[in-house]
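Asks: Turn this into a model:
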Amino acid sequence: VYQMSSLAQVFILCQLWTIYCEQVAVFNTSHGDMYRSTCLAVMEFWMRVAPTFIQIASYSKSHGEMVNLHLLSLLEGLQEVNSSLLVQLYPMLVTILYIHEGSLSAGLQHRLQQIQNCPPPDPITPEDRELNKALLKCLQRLQYKMGQLEVQSSAATQFFTV
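Replies: Numbering: from 1, shown residues only. Next up, the predicted model:
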C-alpha cells in the first residue's frame, strides 16, 4: 500500500509541478527569457526524474503496469490543461510506457492513441477563461486523488491497542 500510494503521489506532484511552472511561464510571456528559462527548468526536471521512472518500471511487469497507469494519467492531465510542454515531454515519457514488450493493454493503448491524436495546443494566454476552468477542474481532481491516497494510507497504518 505504501509503495503504490507513494508512487501515485510522486506522479501527482510531478504533474502539479509541471502545470505550476507552465502557468508561471504563461504569466511571464512578456519576459521572453523568463518564459524560456522556466520551460527549460521543467524539461531539466523531467530529464532527471524520467530515469527513476524507467528504473521502477523495469523492476517487474507489475511495477511497469503501475508506472504506465500513472504516466498515462499524467499525460492526460497535461493534455486537459492544454499544456504546450506536453509536446516536448511526450517523446521522452512515452518511451517509459514501452519498457516491457507488450505491456500496454488495449485500454491503455486507446488512451495513448487519444493523446497522440489530439491537435497541438494553441498558445496559452492568461485571459483564456476556458483554460482556467479546465485548470481548476484538473487541480480539484488532483486534490481529490491526493486526499484519497491519504485516506488509504492512514487506513493501512491504524494500530489497534488491546
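
Asks: separation between residue 76 and residue 68?
Replies: Separation of residue 76 from residue 68 (CB to CB, to the nearest Å): 12 Å. All C-beta atoms are positioned from the backbone trio N, CA, C, and that covers glycine.

Asks: meant to ask about residue 92
Replies: 15 Å.

Asks: Out of the helices and strands in the chain, which is least certain?
Replies: Least confident helix or strand, the chain: helix 129-156 with a mean of 76, by mean pLDDT, DSSP states H and E.

Asks: Quick one: mean pLDDT over the host helix or strand of residue 33.
Replies: Following DSSP states H and E, one finds residue 33 within helix 32-59. The average pLDDT within helix 32-59 is 90.

Asks: Show me what the least confident helix or strand of the chain is packed up against.
Replies: helix 2-27, helix 61-80 (3 or more CB pairs under 8 Å, 6 or more residues apart in numbering; DSSP states H and E).

Asks: neighbour count winner among residue 92 and residue 68?
Replies: residue 68 (23 against 12; other CB atoms under 10 Å).

Asks: what's around the closest residue to residue 28 other than its chain neighbours, how many residues?
Replies: Nearest residue to residue 28, sequence neighbours excluded (CB to CB, 6 or more residues apart in numbering): residue 34, at 4.5 Å. A count of nearby residues for residue 34, using other CB under 10 Å, gives 14.
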